[in-house]
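> the sequence and its predicted three-dimensional model are supplied below.
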Amino acid sequence: KAGVTQTPRYLIKTRGQQVTLSCSPISGHRSVSWYQQTPGQGLQFLFEYFSETQRNKGNFPGRFSGRQFSNSRSEMNVSTLELGDSALYLCASRTGVSVGGYTFGSGTRLTVV
Amino acid sequence: AQSVTQPDIHITVSEGASLELRCNYSYGATPYLFWYVQSPGQGLQLLLKYFSGDTLVQGIKGFEAEFKRSQSSFNLRKPSVHWSDAAEYFCVVGPVGGSQGNLIFGKGTKLSVKP
């Protein structure tokens, strides 16, 4: 079966702009989580969506937001980009009703200049 | 607070040698534990997981890990390393707070393999 698809793979944006990243989960998976990976902070949890509702949120500023559509695809938005937002953004999908079963996408590499 | 510590930032081993990557966790209850591997520029691939039962867990690519509750450890091992094992390895605990919780990642151990 198809894996988790993240688009685009690479993105370059200017400070102050906004960006939208997309994640298509494995068919049948209702949960999508987002993680930010940087060399300094490692992998940090952003938020999780399940059946179109945000059910968990990490410690990130309000500039980071997301949503989930009825087909379980999720988007993540970052407004007013800062240089420190440069990172690899990973999403993971799972069924959402049991522990485990996380499958990660290949990520979107965001560079803010 | 829950946390995961991987004390080794970078390890170099010779091809064919054995490997052990260390992981210690801090968690209030019986943890769910995972090891993931990440090749450069790629996402994360699950190597193995521990939920309960047998404390020695077998994974893909010849990896195994042992859960030791008394030491709060979940070390990853492989008897003979291949050049293709060069990657970064992450020890993970979670989901924290139940099935709706999130994963907590260690900082990772980068493995280099000498020919």
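Nice, thanks for sending it over. Numbering: from 1, shown residues only, chains lettered A, B, ... in the order given.

> which residues does residue 87 bridge with?
Here I'm looking at chain A. residue A:110 (DSSP bridges).

> oops, chain B please
Bridge pairing for residue B:87 - DSSP bridges - gives residue B:111.

> touching, it and residue B:39? I think so.
Yes. Proximity of residue B:87 to residue B:39 meets the contact threshold set by C-beta atoms under 8 Å, at 4.8 Å. Heads up, the C-betas are built off the backbone N, CA and C, glycines and all.

> which of these two has more residues huddled nearby?
Neighbours around residue B:87 and residue B:39, counted as other C-beta atoms under 10 Å in any protein chain shown, are more numerous at residue B:87. The numbers are 19 against 14.

> distance of that one from residue A:109?
17 Å (C-beta to C-beta, to the nearest Å).

> what's the answer for residue A:87, then?
Distance check for residue A:87 against residue A:109: by C-beta to C-beta, it reads 8 Å.

> higher neighbour count, these two?
residue A:87 (22 against 16).

> low-confidence stretches in chain A?
Within chain A, the segments meeting pLDDT under 70 span A:1, A:96-99.

> quick check: closest non-adjacent residue to the most centrally placed residue in it.
In chain A, the C-alpha nearest the mean C-alpha coordinate belongs to residue A:34, at 3.3 Å (C-alpha atoms, centre = their mean). Nearest residue to residue A:34, sequence neighbours excluded (C-beta to C-beta, 6 or more residues apart in numbering or on different chains): residue A:46, at 4.1 Å.

> likewise residue B:8?
Nearest residue to residue B:8, sequence neighbours excluded (C-beta to C-beta, 6+ apart): residue B:109, at 4.9 Å.

> tell me where chain B has strands.
In chain B, the strands defined using DSSP state E lie at B:3-5, B:10-14, B:19-21, B:24-26, B:33-38, B:44-50, B:56-58, B:64-68, B:73-78, B:87-93, B:104-105, B:109-114.

> can I get the ones you listed in a markdown table with mean pLDDT and distance to residue A:76?
Converted to a markdown table, the strands of chain B look like this (pLDDT from 0 to 100; distance: least, C-beta to C-beta, whole Å):
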| stretch | mean pLDDT | distance to residue A:76 |
| --- | --- | --- |
| strand B:3-5 | 94 | 24 |
| strand B:10-14 | 97 | 31 |
| strand B:19-21 | 98 | 30 |
| strand B:24-26 | 93 | 28 |
| strand B:33-38 | 96 | 20 |
| strand B:44-50 | 93 | 17 |
| strand B:56-58 | 96 | 32 |
| strand B:64-68 | 96 | 31 |
| strand B:73-78 | 97 | 30 |
| strand B:87-93 | 96 | 21 |
| strand B:104-105 | 94 | 18 |
| strand B:109-114 | 97 | 27 |
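
> give me the number of residues near residue B:8?
Residue B:8 has 15 neighbours, counted by other C-beta under 10 Å.

> then residue B:17?
Counted with other C-beta under 10 Å, residues neighbouring residue B:17 total 13.

> tell me the pLDDT at it?
On the pLDDT scale, residue B:17 is placed at 98.

> next: residue B:95.
We have a pLDDT of 76 for residue B:95.

> burial check on the closest residue to it other than its chain neighbours, number of neighbours?
Nearest non-adjacent residue to residue B:95, counting by C-beta to C-beta, 6+ apart: residue B:101, 3.5 Å away. Per other C-beta under 10 Å, the neighbour tally for residue B:101 reads 18.
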